[in-house]
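**Student:** Have a look; sequence and predicted model below, questions after that.
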Amino acid sequence: MEKKWWQSIVVYQIYPRSFQDSNGDGIGDLPGIIRRLDYLQELGVGAIWLSPVYQSPNDDNGYDISDYLAIMEEFGTMTDMDILIAEAKKRKIAIIMDLVVNHSSDEHQWFIEAKKDKNSPYRDYYIWRDGTPDKAPNDIGSIFGGSAWEYDEASGQYYFHLFSKKQPDLNWENEALRQEVYRMMNTWLDKGIAGFRMDVIDLIGKVPDENITGNGPKLHDYLQEMHQKTLKGRDTLTVGETWGATTDVAKLYSNSKRQELSMVFQFEHIGLDQEGYEKWDLKDLDLLELKEVLSKWQTELGNEGWNSLFWNNHDLPRIVSRWGNDQEYRVESAKLFAILLHSMKGTPYIYQGEEIGMTNCPVTDFSEIDDIESRNMIQERLAKGYTKEEILTSINAKGRDNARTPMQWDDTENAGFTTGNPWLHVNPNYKEINVKAALQDPNSVFYTYQKMIRLRKEYDVVVWGDYHLIQDVPIEVFAFTRTYQGETWMTVANISDRLQEIDVCGYGEAAEVIISNYNRPTISTCCQVLEPYEAFIVKLA
Ligand code: TEU
Ligand code: CA
């Protein structure tokens, strides 16, 4: 496989609303991001994935777009966007934009026209079906709760929405719609962005009448057509958000011979602490399963695909709170997750604040909750008889606001995020956990991320090495080797707050400590006792 620039970089995800406010209105914006580019350069990232910055009524914080070629007023102007692209480029940072084309906003001109007139050419840009007010076309549910069908009285038809009713699904069967999307993508690519993160792209091939939503029959035809019309001949990074991807499906998307995408986000590990169909139903993580799932993805793509690696994004709880220990071992466990993930094969993604070990931000009252997914769930579960306490437990564990509290820059009021009133509460632990403090402390989580990014640039074994899971260790210990051109590195991570012992000298002696979150000068692969949340990488002799 031809080597690509996006195989040896690390991508940093920015949720613009929460990153840096520059004008005191309490909302992060593009000038704020520009101000922080030097920080991202110091971290060492090669690309930024920007969550949506397009014009939007913000029913789902920008994932409901009313104009794909305009910037959300609160975030700035198109000039700001051009400056961001240019300033990032100077620092060798590529800009990857979010492409949300499974649905638009109901305030998009296309939908306004479509709703107004059954005979409008835009009508078929969306998915309409006959029905009566009390009987929807079928019982497909919205991912945000309730039916996926919304009745439109004026026309006596329903329109389809897999997310909120302000996010009507686009009809990819319509040729003109597809061409509009490709034109829009080309406009952005011509501006100098380096690619797209494609929101719920596995849903665009849906066949609602047959109850098919994900992985529809024409999905890959559309992606190949998209590639021909937009990406071909450009050196882009594209990553599809694909909740339903198996390793075989991931190869369909990311085998470069098929000319679709660079890679996909797979979510198999993300579901491991969930009981049943809903993420709100919690269960403990089974570490054996985590090892099996991640190892399967490491080995099964082989040379026919490429992995993305992530613990976090704007939809997920913070990893140190979720599977680490955000109290006594916050620093150790945050570093452990960095060392573990960033020594695997694939392109790693860091979600803003992860690099300083930001934590979940628990709430005690429904009034503190902003996110539409959580708010809809509250209504649904209250109606089903759940208690307030049960609902809050789920939201504090899995709610999307956890990741969306403002970035913690320093210990001044509102964490240096804004001089005004932040749109969402700042985590009160900002006095201790913030970028300024992290940069001043050579032992901070930040420098572990910085080092892991540097290692990927400097050592081929991190990028290309073959992965091998080490089985004969305690369940709590995640250990593997990577081997490339005769060189082998071993990663060991104790995902527990108890001591563990490993004896893996069969793999070789440790010749050199590459990184250790307990700053050990030497490490043995024979009878080595591991401290709580200890993680290291050694080069084997
Ligand atoms: O997320 C897709 C998606 O399915 C999520 O709603 C997911 O089920 C949930 O958040 C799990 O926590 C993407 C975006 O990342 C998300 O922010 C958007 O709300 C959604 O698409 C609709 O555009
Ligand atoms: Ca602002």
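**Tutor:** Now that the structure is in, tell me what you want to look at. Ligands and ions are numbered 1, 2, ... in the order given.
**Student:** drop to CA atoms for contacts and neighbour counts, all remaining ones
**Tutor:** Fine.
**Student:** list the buried ones in the host helix or strand of Asp82?
**Tutor:** Assigning secondary structure by DSSP states H and E places Asp82 in helix 78-90. Buried residues in helix 78-90, defined by neighbour count with 16 or more other Cα atoms under 10 Å: Met78, Asp80, Met81, Leu84, Ile85, Ala86, Glu87, Ala88, Lys89.
**Student:** Just the closest of the residues you listed to ligand 2, please.
**Tutor:** For the buried residues of helix 78-90, the minimum distance to ligand 2 (Cα to the ion) is 12.4 Å, reached by Asp80.
**Student:** Surely that closest one is in contact with Leu30?
**Tutor:** Yes - under the contact definition of Cα atoms under 8 Å, Asp80 touches Leu30, with a separation of 6.2 Å.
**Student:** Need the residue closest to the centroid of this protein.
**Tutor:** Asn313 (3.5 Å; Cα atoms, centre = their mean).
**Student:** May I have the predicted confidence score for that residue?
**Tutor:** Asn313 is assigned a pLDDT of 98 by the prediction.
**Student:** Doesn't it lie inside a strand?
**Tutor:** No - the assignment for Asn313 (DSSP: H, G, I helix; E, B strand; the rest coil) gives coil, which keeps it out of a strand.
**Student:** Distance check, it against Gly62.
**Tutor:** When Cα to Cα, to the nearest Å is applied, the distance between Asn313 and Gly62 equals 15 Å.
**Student:** What residues does the stretch 251-400 of the chain have near ligand 1?
**Tutor:** Asp315, Leu316 (Cα under 6 Å from any ligand atom).
**Student:** does Ala47 have beta-bridge partners, and which?
**Tutor:** Ala47 has these beta-bridge partners by DSSP bridges: Val11, Ala94.
**Student:** Just name the closest of the buried residues of helix 78-90 to Ala176, please.
**Tutor:** Distances from Ala176 to these, taken as Cα to Cα, are shortest for Met78 (26.0 Å).
**Student:** Identify the residues contacting the closest one.
**Tutor:** By Cα atoms under 8 Å, 6 or more residues apart in numbering, the contact list for Met78 reads Ala70, Ile71.
**Student:** let's see 6 Å
**Tutor:** Each residue near Met78 by Cα atoms under 6 Å, 6 or more residues apart in numbering is listed here: Ile71.
**Student:** Tell me the confidence at it?
**Tutor:** Met78 is assigned a predicted lDDT (pLDDT) of 98.
**Student:** now it: how far from Pro31?
**Tutor:** Met78 sits at a distance of 11 Å from Pro31 (criterion: Cα to Cα).
**Student:** swap in Gly302?
**Tutor:** Distance from Gly302 to Pro31, counting by Cα to Cα: 41 Å.
**Student:** Between these two, which is the more surrounded one?
**Tutor:** Under the criterion of other Cα atoms under 10 Å, the comparison of Gly302 against Pro31 puts Pro31 first, with 19 against 14.
**Student:** tell me the mean pLDDT for the helix or strand hosting the more buried one?
**Tutor:** Counting by DSSP H and E, the element that carries Pro31 is helix 30-35. Averaging the model's pLDDT scores along helix 30-35 yields 99.
**Student:** So what touches it?
**Tutor:** Judged by Cα under 6 Å, 6+ apart, the contacts made with helix 30-35 from elsewhere in the structure are Gln20, Asp21, Ser22, Phe75, Gly76, Leu84.
**Student:** Report whether it contacts ligand 2.
**Tutor:** No - in terms of Cα under 5 Å from the ion, no part of helix 30-35 sits within range of ligand 2; the closest distance is 7.6 Å.
**Student:** Pull the distance from that helix to the chain's centre.
**Tutor:** Chain-centre distance of helix 30-35: 21 Å, with Cα atoms, centre = their mean, to the nearest Å.
**Student:** So which bits of it are buried?
**Tutor:** Within helix 30-35, the residues that qualify as buried are Leu30, Pro31, Gly32, Ile33, Ile34, counting by 16+ other Cα under 10 Å.
**Student:** helix or strand right after it?
**Tutor:** Using DSSP H and E, the helix or strand that follows helix 30-35 in sequence is helix 37-43.
**Student:** before we move on, what SS does the closest residue to Gly28 other than its chain neighbours have?
**Tutor:** Closest residue to Gly28 in three dimensions, ignoring its sequence neighbours and counting by Cα to Cα, 6 or more residues apart in numbering: Asp21, at 3.8 Å. Using three-state DSSP as the criterion, the local structure at Asp21 reads coil.
**Student:** start the count at 177, not 1, going forward
**Tutor:** OK, 177 is where the count begins now, so the last one is Asp197.
**Student:** average model confidence for whatever helix or strand Ile571 lives in?
**Tutor:** When secondary structure is defined using DSSP H and E, the element that contains Ile571 is helix 564-574. Mean pLDDT, helix 564-574: 98.
**Student:** quick one: contacts of it?
**Tutor:** Outside helix 564-574, the residues that reach it (Cα under 6 Å, 6+ apart) are Trp456, Pro493, Pro538.
**Student:** switch the cut-off to 8 Å
**Tutor:** Contact partners of helix 564-574, identified using Cα under 8 Å, 6+ apart, comprise 455-458, 492-493, 498, 536-542, 550, 554, 557-558, 578.
**Student:** try stretch 425-441
**Tutor:** Stretch 425-441 is contacted from outside by 396, 399-400, 402-403, 413-419, 442, 477, 479-485, using Cα under 8 Å, 6+ apart.
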